[in-house]
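A.B. asks: Return a 3D structure for these sequence lines:
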Amino acid sequence: MRFRNFTDEQRDWLTQRGRYGGYCWMLAQINRDYLLFDHTVIESVGAVPKKELIGMAVGHWEYHLEAAELLQLLQARK
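C.D. replies: Got it, this is the predicted structure:
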């Protein structure tokens, strides 16, 4: 899966910030799927097939984003 609007600068910033202890997330929508990634897998985002992306995601929702579940995931990772 390619992310045309995800720049190398954004990828580098997320990776570096996460390594230094910052809370960094990427939320992506691919067709009807919503995927939440943390900084540890950002280097692979855009370089692997969708099935692998889903396996790397911290959160995955089909058709609509579950806001309560998203908040719970973000708070649990602090």
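
A.B. asks: Which positions within the helix or strand where residue 10 lies qualify as buried?
C.D. replies: Following DSSP states H and E, one finds residue 10 within helix 8-19. The neighbour-count check on helix 8-19 (16 or more other CB atoms under 10 Å) flags 11, 14, 15, 18 as buried. In this view, the C-beta of every residue, glycine as well, is placed from N, C-alpha and C.

A.B. asks: Same list, these, but as a markdown table with pLDDT and distance to residue 37 please.
C.D. replies: Output for the buried residues of helix 8-19, formatted as a markdown table (pLDDT from 0 to 100; distance: CB to CB, whole Å):
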| residue | pLDDT | distance to residue 37 |
| --- | --- | --- |
| 11 | 92 | 11 |
| 14 | 94 | 9 |
| 15 | 93 | 11 |
| 18 | 91 | 10 |
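
A.B. asks: Which one of the residues you listed is nearest to residue 31?
C.D. replies: Distance to residue 31, by CB to CB, is smallest for residue 11 among the buried residues of helix 8-19, at 21.6 Å.

A.B. asks: so the closest one touches residue 43, yeah?
C.D. replies: Yes: counting by CB atoms under 8 Å, residue 11 touches residue 43, with 7.0 Å between them.

A.B. asks: which residue ranges form the strands in this protein?
C.D. replies: Taking DSSP state E as the test, the strands found in the chain are 25-30, 33-38, 59-62.

A.B. asks: Mean pLDDT and distance to residue 48 added to these, as JSON lines?
C.D. replies: Listed next are the strands of the chain as JSON lines, based on pLDDT from 0 to 100; distance: least, CB to CB, whole Å:
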{"stretch": "strand 25-30", "mean pLDDT": "92", "distance to residue 48": "12"}
{"stretch": "strand 33-38", "mean pLDDT": "95", "distance to residue 48": "12"}
{"stretch": "strand 59-62", "mean pLDDT": "96", "distance to residue 48": "14"}
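
A.B. asks: Thanks again, I'm all set now.
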